[in-house]
Structures are given as structure tokens and as C-alpha cells.
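Chemist: Fold the following and give me the result.
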Amino acid sequence: MKFAHFSHVWGKPGMTPHRRYEQLWRELELCDGLGFDYAFCVEHHFQPYESWMSSPALFAVGAGARTRRLRIGSMGFIVPLYHPLRLAEDIAIVDQMLGGRFECGLVPGISAGFFRPFGIDYNFRKSPTLEFVHYLRAAYGDKQPFSFHGDNHKTDSALLAVPPAQKPHPPLWMMSRDPQTLEFCAKEGVNTGYFIMVPREKANPVYRKFLADWNAQGHGRKPTIAYSTVVYVDETDKQALDNALFRASRAYEGLLPVKTPGESFESRLANQIALLESRGEPAAAKLTANMFDPDFIMANDLVFVGSAETVTKKLRKAAEEGFFNCFMGEFNFADLPEPDLMRSIRLFGEKVMPALRDHEPF
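Modeler: Numbering: from 1, shown residues only. From the prediction side, this is the model:
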């Protein structure tokens, strides 16, 4: 098992963005010393009440300046929002600044609200995202200057001033539950994973197929399949539940559709449920409907809240159910006080990670 600090960099009541970023660096410095494998952040836009992270590249450079061994990454760059050549340049420079510690996550984008202010069509996002994997490989290839003529991206005779430190490029990730995307990732050697809103029992056969497809390609290495949700560890189960359970039930309010003026929480939740049902995902819709119920998320282990012993047991079971070999923990959620946050990270690193480090779900 591998372990990551994962952050939406939620906005915090009473905190300026600067103070919130400084807190984030303290979290990552602690994770670095405890032996975490990764630190990842999202790319979200135009939601000041939700995420304060619209630039994974800036996150990576800031985190890299404050850590020594953590591998740091995007989860991920919203590819359609970038000019491909500029994004290829940025990824290479970040990897050099981190001394080859960068992990490159690419996503098509989860919310139409991220696209409208840029004047970009949300419905045309998957094809350019997949094609960008091939674009990167051309940009970082031996033939320089490089050219690329695809269905979405076209570049003629460009010479990158700075190549990435890792050859041929940083490890690639694409979080997805979409069968077509997963087939592409297996073929191209791209790591993957999923988030809390995907039921683990539904995910298991999907990612088993991904692994079989991966192995059929003969990549010669095991893929990383990640799973992300809220985690909180305390000295006892009672302390953990008292401090974090209700907060955990409000952790993912920001994943609902972008809030419009005067819109209620209940309306946003209903819209998200309707969207999932329209996509033919009734299990995800049911899970989303109950994601904000403290008793439901605890009874169904949608979040991991408890003592180190309890969280270890729940996480081991979840990895078998959900078929993942990397846990991306969201440690800083809702209005969790910093002393509790840092104690949780420390207990996770000192007691949970060593107990699961040798566990191999596949």
C-alpha cells in the first residue's frame, strides 16, 4: 500500500487564503517527515466558498520547496482549460524544480461551472484530455523541435527550453471510473483511481478489468489504483467520533454543483442526484443522497474515523472491497481545528501506515 495526503484546499472560515496555504505547507512538512509517499491537490475554479486551489503547478512548486522526499502531484490538471504547449512547458519546469518528484494527474474536468467563464465547451472535454497523453510524449520525445497533429491539438516545430527531469516524462494519472477511459489508461500505462462517490463494491470489478487490461499490455510494472476519502485518527474511537464525525459528514459539500445565488444546499444535492441518475449510475446517486448523513457514512465506512487500530482495520477491509493499492486521505476538512488535524496526520503516519505498508490488495 502507498499513502497520499490529498487536498481540495477547502476554504476555511476566518482564514485568509494566505493563512490557509501556510497551514497546508505545515501539513505537508509533517507528512514528508512521516514517510507519506505522495501529496496531491485538485484544480477547482470560481468557488470561493469551496476550494482555494486553481493551480496545481503552484501547489507543486510551493510544496516542493518545503519538502524533501514527498512525490508531489496534480489530481489533476483540467486539460481542456489549457493550451497544450503551455501545459507541457509548465509540467516540465515543475518536474525540474522538484528534482524529478512530480506526479502528473490529468482530468477532463468535473464541473461545467469551471468551463463557462473561460468560454470553453464543457461537453467537448474528454477527447482533448486523452489525446494530451500522446501530445506530452511527442513534446518530450527525442525528436526536437517536435510537431504534433492530432484531432484536438496541433503544434508545428516547437523546441522546449526545459525538458522534464524524469524520462520520458513524470508518471501519469487519470482518476476515472469511465470504462472507455480506463481502457485507454491500461493501454497507455496511466495510473488511475476514484473518489468517495463511487461505491467500492461497484468499483471492484471495474478496476479488476483495468488491471487485467494493464497486464495484457506487458508494462512490466504494477499500476497504482487510488481511492480517496476523508480520514481522521485520534487516541480513541470516542475522541475521533466526537471531534470529526459530523465535520466529516459536511466535508464534501463542495463537490455538489456550483452554487448559484440564493440556491439551497438541498437543491444542489437534488440536482447532483438527478445528474447521476441521468447518467445511469443509480448506486452513485444513492450514495450521494446519503453522503451527508453522519450515521450512514460511518455505518458504511465511507469515511475512516476512529482510533489508529480502527482506521487500520477499516482501511484494510476497504482496500480489498474496492481493489485499490493507494489511499489518498483527505485529512483537512470542514472546520477541523489545526491541533486535531496535525494529531490525526501524525497518528496515521506513525501507526496506520506501518501496519498497512506491506499489504498488497492485488
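Chemist: Next, please give the residue ranges for the helices of this structure.
Modeler: Counting by DSSP state H, the chain forms helices over residues 17-34, 56-66, 84-97, 126-139, 179-188, 200-216, 237-249, 265-278, 282-290, 294-299, 308-322, 338-347, 353-356, given from the N-terminal end onward.
Chemist: Could you dump those helices into TSV with mean pLDDT, distance to residue 46 and mean neighbour count added?
Modeler: For the C-beta atoms, the positions are set from N, CA and C on the backbone; glycine is no exception. What follows is these, written out as TSV (pLDDT from 0 to 100; distance: least, CB to CB, whole Å; neighbours: other CB atoms under 10 Å):
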stretch	mean pLDDT	distance to residue 46	mean neighbour count
helix 17-34	98	14	16
helix 56-66	98	16	19
helix 84-97	98	19	20
helix 126-139	98	20	20
helix 179-188	97	25	17
helix 200-216	97	29	17
helix 237-249	96	25	18
helix 265-278	88	15	14
helix 282-290	85	22	17
helix 294-299	92	28	15
helix 308-322	98	31	19
helix 338-347	98	26	17
helix 353-356	98	35	17
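Chemist: Out of those helices, which gets nearest to residue 170?
Modeler: When those are compared for distance to residue 170 using CB to CB, the nearest one is helix 84-97, at 5.1 Å.
Chemist: Now do that closest one against helix 56-66, angle only.
Modeler: Orientation check (axes from the mean of the first three to the mean of the last three CA atoms, to 10 degrees): helix 84-97 against helix 56-66 gives 10 degrees.
Chemist: So what angle separates the directions of helix 84-97 and helix 126-139?
Modeler: Taking the same axes, to 10 degrees, one finds helix 84-97 and helix 126-139 inclined to each other by 60 degrees.
Chemist: Need the contact partners of helix 84-97.
Modeler: Residues outside helix 84-97 that contact it (CB atoms under 8 Å, 6 or more residues apart in numbering) are 57, 60-61, 64, 77, 79, 101-102, 104, 128, 132, 135-136, 139-140, 148, 153, 155, 158, 160-166, 169-170.
Chemist: Okay, residue 77 and residue 44: tell me how far apart.
Modeler: Noted for residue 77: a distance of 12 Å to residue 44, by CB to CB, to the nearest Å.
Chemist: quick one: residue 354 from residue 348, how far?
Modeler: The separation that residue 354 has from residue 348, given CB to CB, amounts to 10 Å.
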